[in-house]
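Colleague: coords please:
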Amino acid sequence: MGLKPFQEKILQQLIQQENMLSELYEIFAVQFSSHEKFWKKLSLEEKRHSKLLEKLYTAATTEKISFDEGKIKAITLNAFLSRLGDIIKKAKNHEYTLSAALTCAVDYETSLIEKNIFTHFDSLNKKVKDTLKILQSETLNHVDQVRKARDQFKKATGPSQAF
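Modeller: Next up, the predicted model:
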């Protein structure tokens, strides 16, 4: 049956979102050099997610797996991407404190679109199913990593510095 044009658009937007998050985290890695390793790791993970989504997109276009977008809409993703673009511009202008950067990362990592993307693919192939489960688990772990880093920063700086 293949992908419908609007599903292709959604998948392309999701790939773009992962690439943009990778770019944002790379900017934060440079700006917050004391936390460079943390931000670079996140950036690399987002880049990897982008590559995996590209592979899933290709598999879906060749009907090896199916994609059901569920409640994800292109218009919603447009808003996410636009907001993310604004955040990247601000980050490039050094408008974020470490606390604000961590809060921003938590917001994006916990969004429904980010958190549940890999559950929208399906395949009868056990290897593909196992890969999707691993990706979903890794994404949820990503959320936990960012949240823990934010909470540690809050504890270290006290309530007056947290926000």
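Colleague: So what's the residue count around the nearest residue to T61 once chain neighbours are set aside?
Modeller: Closest residue in space to T61, ignoring its immediate chain neighbours: L3 at 5.5 Å, by CB to CB, 6 or more residues apart in numbering. C-beta here means a position set from N, CA and C on the backbone, and glycine is covered the same way. If you count neighbours by other CB atoms under 10 Å, L3 ends up with 18.
Colleague: Surely L3 touches D68?
Modeller: No - using CB atoms under 8 Å, L3 makes no contact with D68, being 10.6 Å away.
Colleague: What ranges does the protein have for its strands?
Modeller: If DSSP state E is used as the criterion, the strands of the chain fall at 66-67, 121-122.
Colleague: Now the last one: average pLDDT?
Modeller: Going back to what we said before, that points to strand 121-122. The predicted model assigns strand 121-122 a mean pLDDT of 84.
Colleague: what do you get for the first one?
Modeller: Averaged over strand 66-67, pLDDT sits at 89.
Colleague: related to what we said a few turns ago, so can I have a markdown table of the strands of the chain showing distance to T103?
Modeller: Converted to a markdown table, those look like this (distance: least, CB to CB, whole Å):
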| stretch | distance to T103 |
| --- | --- |
| strand 66-67 | 31 |
| strand 121-122 | 30 |
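Colleague: Which among those strands is found nearest to L56?
Modeller: Counting by CB to CB, L56 lies closest to strand 121-122 out of the strands of the chain; the figure is 5.5 Å.
Colleague: Who are the packing partners of the closest one?
Modeller: In terms of contacts (3 or more CB pairs under 8 Å, 6 or more residues apart in numbering; DSSP states H and E), strand 121-122 is packed against strand 66-67, helix 126-157.
Colleague: so where's this structure shaky on pLDDT?
Modeller: 1, 112-115, 158-163 (pLDDT under 70).
Colleague: residue ranges for the helices of it, please.
Modeller: 5-31, 36-61, 74-92, 98-109, 112-116, 126-157, 159-162 (DSSP state H).
Colleague: Include mean neighbour count when you put the ones you listed into a markdown table, please.
Modeller: As requested, those are exported to a markdown table (neighbours: other CB atoms under 10 Å):
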| stretch | mean neighbour count |
| --- | --- |
| helix 5-31 | 19 |
| helix 36-61 | 18 |
| helix 74-92 | 14 |
| helix 98-109 | 19 |
| helix 112-116 | 16 |
| helix 126-157 | 14 |
| helix 159-162 | 10 |
